[in-house]
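1. Any chance you can model this:
(2 chains)
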Amino acid sequence: MFDLIKSIAEALVQAIPWTIALTVSSFVVGAIVAIPLCAMRVAHSAVVSRVALAVILILRSIPPIVWLFIIFFGIGTGAIHLNPFMSAVIGLALITASNLAEIYRGSLKAVPAGQFEAARVLGLNRWRQYVDVLGPQIFRVALPSSASFAIGLLKDTAVASTIGVPELASAAYHVSQSTYKGIEVYATAGVMYFVISVLMAWGTRALDTHLRVRIAR
Amino acid sequence: MQSTTMTDLSAVGIKTPAQQGMQTPLMQLKGVKKSFGIHQVLGGVNLQMNAGEVLAIIGPSGSGKSTLLRCINQLEPPTEGSVMVDGVTLTAGSPAPKNGLAHFRRALGMVFQSFNLFPHLTVLQNVSLAQQRVLGRSKAEANARSMQLLTRVGLANKADQYPSRCSGGQQQRIAISRALALDPQIMLFDEPTSALDPEVGLEVLAVMRELADDGMTMMVVTHEMRFAENVSDRVIVMADGMILEEGASATVMRNPTNQRVQQFLSAVRDR
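-> Below you'll find the predicted structure:
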């Protein structure tokens, strides 16, 4: 029994870098794209704000698997060629961006108005206000919610198996097909997702505590 | 708005501000009005300040004192009227002269009731940040200037702490240092001691008094009647967005002519 689990684990572990690469790439790209999206969402112009709201709603209300099919089978086979990994990253990053834009927006509102005013009267230009004063505070408020989303995203990367990215869920499928050991294989894959999730939660909690100890307010 | 003539202040031991009209004012407000929707907060304020003057603005809550300060530094742009600071005029409804707002930001230092220090930066970084980003000072230059100011307000030992580790009085003194570090021509104080316990407020008032003695031009919205009477050269009493009385601090505080001002002052006399 132990040998069986060990060989299954050895087969599955090779897919973990794909899962992590998918999660990290999608999250990083999404976290960056979310910044202009959030900026548009809070823009004074009603038109710009509504366009951003519409984009966010569309991105969020369609399931990840449908987005991946639209991008891979739709766009990816047309004018531009996209491999499965790129398609998955684009799809998951867009979904991440729409969710993080809303998390950023909430965090922006949580920063006291006095911080904006102090930054303005000191003469900092708009870019500097955000980079030096507001951004770091928004980051701290957004961290726990963003981390929760990232853990959800880790699990959502399993849908990339449907378009052929050899990540953990995909590897589990292939191993179970070749060994006829369904429960053992999927339980092992489940444990692996669990371990990665727990490590992510610990990591962000440690970071959060570290930042809180410093500012403590 | 009629201008009030200056009485002889040297007789009561207060330094005399330069006589109005003798020099170009450092700051001048003409017909400044501010409305939020249909609610008018400032009903047309005319006012001027000369270099080196210390002006206290007192009056009941909701009289528009803080809004007046915020209109001067354009945190709340006036709905009507003009504000001139150090030769540059911003007029409501007209395009601002090039770099006009930047000029205002450079010339005006602001201290808030709630301090508004940046919680993610150390005390030293709080004071140095805008020196580097706005004035283009090197990190070493900025830090040297910051330490000089922090030493002056007695907080050099807090330089590497975060603001959350400092008391309210300490935070306000840091906020004053942060504003002074940019070498403003005029310091605006918006109820700097209102969020503090009375005895903690005293340490902040002591710093402000020292600043005044050093010749800093200051405009102070305050509920501290003793500060208004003893430190400021001139006092303005506001109510309902208008200036009710204006004049040398001793005169206004001891012998106000306006009946409403008399009532207000007798109610708060011993603060």
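
2. Just the residues contacting the host helix or strand of A:V175, thanks.
-> Here A:V175, judged by DSSP states H and E, is contained in helix A:168-179. Contacts to helix A:168-179, defined as Cβ atoms under 8 Å, 6 or more residues apart in numbering or on different chains, come from residues A:8, A:11-12, A:14-16, A:18-19, A:157-158, A:160-161, A:164, A:181-182, A:185-186, A:188-189, A:192-193. From N, CA and C alone the C-beta is placed, and that goes for glycine too.

3. If you count neighbours, what's buried in it?
-> A:L168, A:A169, A:S170, A:A171, A:A172, A:Y173, A:H174, A:V175, A:S176 (16 or more other Cβ atoms under 10 Å in any protein chain shown).

4. Quick one: these as CSV, columns for distance to B:G169 and pLDDT too.
-> Formatted as CSV, the buried residues of helix A:168-179 follow (distance: Cβ to Cβ, whole Å; pLDDT from 0 to 100):
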residue, distance to B:G169, pLDDT
A:L168, 57, 84
A:A169, 59, 85
A:S170, 62, 83
A:A171, 62, 82
A:A172, 62, 86
A:Y173, 65, 88
A:H174, 68, 85
A:V175, 66, 84
A:S176, 68, 85
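
5. Just the closest of those residues to chain B, please.
-> A:L168 (36.9 Å; Cβ to the nearest Cβ).

6. Would you mind marking which of the contacts of helix A:168-179 are also close to chain B?
-> Near chain B, judged by Cβ under 8 Å from any Cβ of the partner chain, there are no entries from the contacts of helix A:168-179.

7. What subset of these is buried?
-> So, by 16+ other Cβ under 10 Å, the buried ones in the contacts of helix A:168-179 are A:8, A:11-12, A:15-16, A:18-19, A:157-158, A:160-161, A:181, A:185-186, A:188-189, A:192-193.

8. Out of the residues you listed, which sit inside helices?
-> Applying DSSP state H to these, the entries found in helices are A:I8, A:A11, A:L12, A:I16, A:W18, A:T19, A:V185, A:Y186, A:T188, A:A189, A:M192, A:Y193.

9. Quick check: the fifth one touching A:E167?
-> Think A:W18. Yes. Under the criterion of Cβ atoms under 8 Å, A:W18 makes contact with A:E167 at 4.1 Å.

10. which non-adjacent residue is nearest B:V200?
-> B:G169 (3.7 Å; Cβ to Cβ, 6 or more residues apart in numbering or on different chains).

11. so that neighbour sits in a helix?
-> Yes. Assessed by DSSP: H, G, I helix; E, B strand; the rest coil, B:G169 belongs to a helix.

12. check contacts around the residue nearest the centre of chain A.
-> Nearest residue to the geometric centre of chain A (Cα atoms, centre = their mean): A:F27, 3.4 Å. A:F27 makes contact with A:A93, A:T96, A:A150, A:L153, according to Cβ under 8 Å, 6+ apart.

13. In PyMOL, how would I select the buried members of these?
-> In PyMOL, a selection of the buried entries from those looks like this (16+ other Cβ under 10 Å):
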select buried, chain A and resi 93+96+150+153
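
14. Quick check: helices, which of the contacts of A:F27 are part of them?
-> Mapping the contacts of A:F27 onto helices (DSSP H) picks out A:A93, A:T96, A:A150, A:L153.

15. Just the buried residues of the longest helix seen in chain B, please?
-> As assigned by DSSP H, the longest helix anywhere in chain B is helix B:198-213. Across helix B:198-213, burial judged by 16+ other Cβ under 10 Å covers B:V200, B:G201, B:E203, B:V204, B:L205, B:V207, B:M208, B:L211, B:A212.

16. Adding distance to A:E102 and pLDDT, write the residues you listed out as CSV.
-> Below are the buried residues of helix B:198-213 laid out as CSV (distance: Cβ to Cβ, whole Å; pLDDT from 0 to 100):
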residue, distance to A:E102, pLDDT
B:V200, 41, 88
B:G201, 42, 90
B:E203, 44, 91
B:V204, 41, 93
B:L205, 45, 93
B:V207, 44, 93
B:M208, 44, 94
B:L211, 45, 93
B:A212, 49, 93
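
17. Please enumerate the helices of the stretch 151-271 of chain B.
-> Listed in chain order, the helices of the stretch 151-271 of chain B (DSSP state H, counting those that start in this stretch) span B:168-180, B:198-213, B:225-230, B:249-254, B:259-268.

18. And the fourth one, what's buried?
-> The reference is to helix B:249-254. For helix B:249-254, a neighbour-count test (16+ other Cβ under 10 Å) marks B:S249, B:A250, B:T251, B:V252, B:M253 as buried.
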